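Engineer: show me how the following folds:
(one chain, ligands or ions: 1)
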Amino acid sequence: MRTRLCELLGIEHPIIQAGMGIVHPAHALVAAVSNAGGLGSLGATGRSPSELREQIALIRERTSRPFAVNFLVSNFDEETLAAALEARPAVISFALGDPGDLVRRAHAAGALVVHQVHTVAQATQAAGRGVDALIAQGGEAGGYGQFVGTLPLIPQVVDAVQPLPVAAAGGIGDGRGMAAALLLGAEGVNMGTRFLASAESPIADGWKRAIIAARSEDAVKVEFWNDITRSPTGRAGYGTVPRALRTPFHDRWAQRRAEVMQKVEELRNEIQAAQSEGRFHEYMPFAGQSAGLIHEVLPVREIIHRLISEAEETLRRASTLVAPIGVGREAG
Ligand SMILES: Cc1cc2nc3c(=O)[nH]c(=O)nc-3n(C[C@H](O)[C@H](O)[C@H](O)COP(=O)(O)O)c2cc1C
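Structural biologist: Predicted structure coming up:
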């Protein structure tokens, strides 16, 4: 299965593994995705310049194929960006804000630019900035997102920015979802939650088990998280709110935002302590509604193989639903 996104990015399969800053160290995951023919992405958020350099070196030890380095426009470290530009990855991807002059800077470093959006207006603006491809992310997604669902968003973004290639994100957990995205006009997919629950993903086993056990309705928008992270508007970049699996921590605070605001420092310390003990997922196991479709932890190569064969099978089956042109018209 080849699309224009494959041609543009120099990849075999139109599958991007989402950059996920919180997932660290991600070198084995990124390299596994790129080696399996997709585009692995290294999340740069939260990384120091030396950590990023080290991660990129480890990826390059494992693969000579293209990969992306991902930044959040709303929250990035200028020195870490400089380290990424110096390393000249094939792709730099951005999310959560108008990419503005960052597009020119990434291009000047020889990288293609992929940018993630949640609305048609954001897509049009990013296209005007000169990005090479877009990720249109529906509100079903894990991590930070807005509210328009993937089904209405994809065709609208595709129409608005044509001929730019668009990858669909949010709620895609298997090959049927991938096939649906392609039928909506996307030329690929960007997936986070499915790759979180992979053998190569470095997240805690408890987080992976929670994804496997989750139903889609367990992946909820966590409004008060933006209060804790002290977003001045109560929303993160592009007006987003994160989606994660429900936890006792969520249930304790979700309806008590005023109290959360008074206890920000205390809650932050509690979360930081949990994070340093590898228990972050007990607080905020970021994941999307696609968790309901994920039933086992699999190696990346197997995930990609299943996605492609199931998407192809679904597309073949879909084509049998319509009569060939001309057939069945004689009677009239
Ligand atoms: C744990 C987690 C962390 C994420 N972090 C980032 C990030 O740092 N940068 C980014 O562009 N997107 C990030 N995302 C969003 C993904 O790019 C993607 O849109 C989303 O995972 C798609 O939905 P899905 O989880 O249903 O596949 C994150 C998603 C998850 C689940």
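Engineer: give me the pLDDT value at residue 225.
Structural biologist: pLDDT, residue 225: 95.
Engineer: now do the closest residue to the ligand within the stretch 151-300 of the chain: how many residues are near it, please.
Structural biologist: Residue nearest to the ligand within the stretch 151-300 of the chain: residue 192 (2.1 Å; Cβ to the nearest ligand atom). C-beta here means a position set from N, CA and C on the backbone, and glycine is covered the same way. For residue 192, the neighbour count with other Cβ atoms under 10 Å is 25.
Engineer: so what's it scoring on pLDDT?
Structural biologist: Reading off the model, residue 192 has pLDDT 98.
Engineer: what does the one 5 residues further on give?
Structural biologist: Per-residue pLDDT puts residue 197 at 98.
Engineer: if I pick it, what's in contact with it?
Structural biologist: 208, 211-212, 294, 296-298 (Cβ atoms under 8 Å, 6 or more residues apart in numbering).
Engineer: what sits closest to it if chain neighbours are left out?
Structural biologist: Leaving aside its sequence neighbours, residue 197 sits nearest to residue 211 (Cβ to Cβ, 6 or more residues apart in numbering; 4.5 Å).
Engineer: got the contact list for the lengthiest helix in the chain?
Structural biologist: Across the chain, the longest stretch assigned as helix under DSSP state H is helix 300-319. Here helix 300-319 makes contact (Cβ under 8 Å, 6+ apart) with 1, 13, 15, 17, 29, 32-33, 35-38, 174-176, 178-180, 182-183, 189, 194-195, 198-200, 298.
Engineer: if you set the cut-off to 7 Å instead, what comes out?
Structural biologist: Applying Cβ atoms under 7 Å, 6 or more residues apart in numbering, the contact partners of helix 300-319 are 1, 13, 15, 29, 32-33, 36-38, 174-176, 178-179, 183, 194-195, 198, 200.
Engineer: just send the contacts of residue 197 back as a markdown table, with secondary structure, neighbour count and pLDDT too.
Structural biologist: Converted to a markdown table, the contacts of residue 197 look like this (DSSP: H, G, I helix; E, B strand; the rest coil; neighbours: other Cβ atoms under 10 Å; pLDDT from 0 to 100):
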| residue | secondary structure | neighbour count | pLDDT |
| --- | --- | --- | --- |
| 208 | helix | 20 | 98 |
| 211 | helix | 29 | 98 |
| 212 | helix | 12 | 98 |
| 294 | coil | 23 | 98 |
| 296 | coil | 9 | 98 |
| 297 | coil | 17 | 98 |
| 298 | strand | 18 | 98 |
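Engineer: how far off centre is the longest helix of the chain?
Structural biologist: Relative to its parent chain, helix 300-319 has a centroid offset of 20 Å by Cα atoms, centre = their mean, to the nearest Å.
Engineer: buried residues in it?
Structural biologist: Neighbour-count burial for helix 300-319, with 16 or more other Cβ atoms under 10 Å as criterion, is recorded at 300-301, 303-305, 307-308, 310-311, 314-315.
Engineer: export that helix as CSV, just CAs?
Structural biologist: Provided in CSV are the C-alpha atoms of helix 300-319 (Å, rounded to 0.1, in the frame of the first residue of the first chain):
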residue,chain,number,x,y,z
VAL,A,300,6.1,-3.1,16.5
ARG,A,301,6.8,-5.2,13.4
GLU,A,302,3.7,-7.3,14.1
ILE,A,303,1.5,-4.2,14.8
ILE,A,304,2.5,-2.7,11.4
HIS,A,305,2.1,-6.0,9.6
ARG,A,306,-1.4,-6.5,11.0
LEU,A,307,-2.4,-2.9,10.3
ILE,A,308,-1.4,-3.1,6.6
SER,A,309,-2.9,-6.6,6.0
GLU,A,310,-6.2,-5.7,7.8
ALA,A,311,-6.4,-2.3,6.0
GLU,A,312,-5.9,-4.0,2.6
GLU,A,313,-8.4,-6.7,3.4
THR,A,314,-11.0,-4.1,4.6
LEU,A,315,-10.5,-2.0,1.4
ARG,A,316,-10.9,-5.1,-0.8
ARG,A,317,-14.1,-6.0,1.0
ALA,A,318,-15.3,-2.4,0.7
SER,A,319,-14.9,-2.5,-3.0
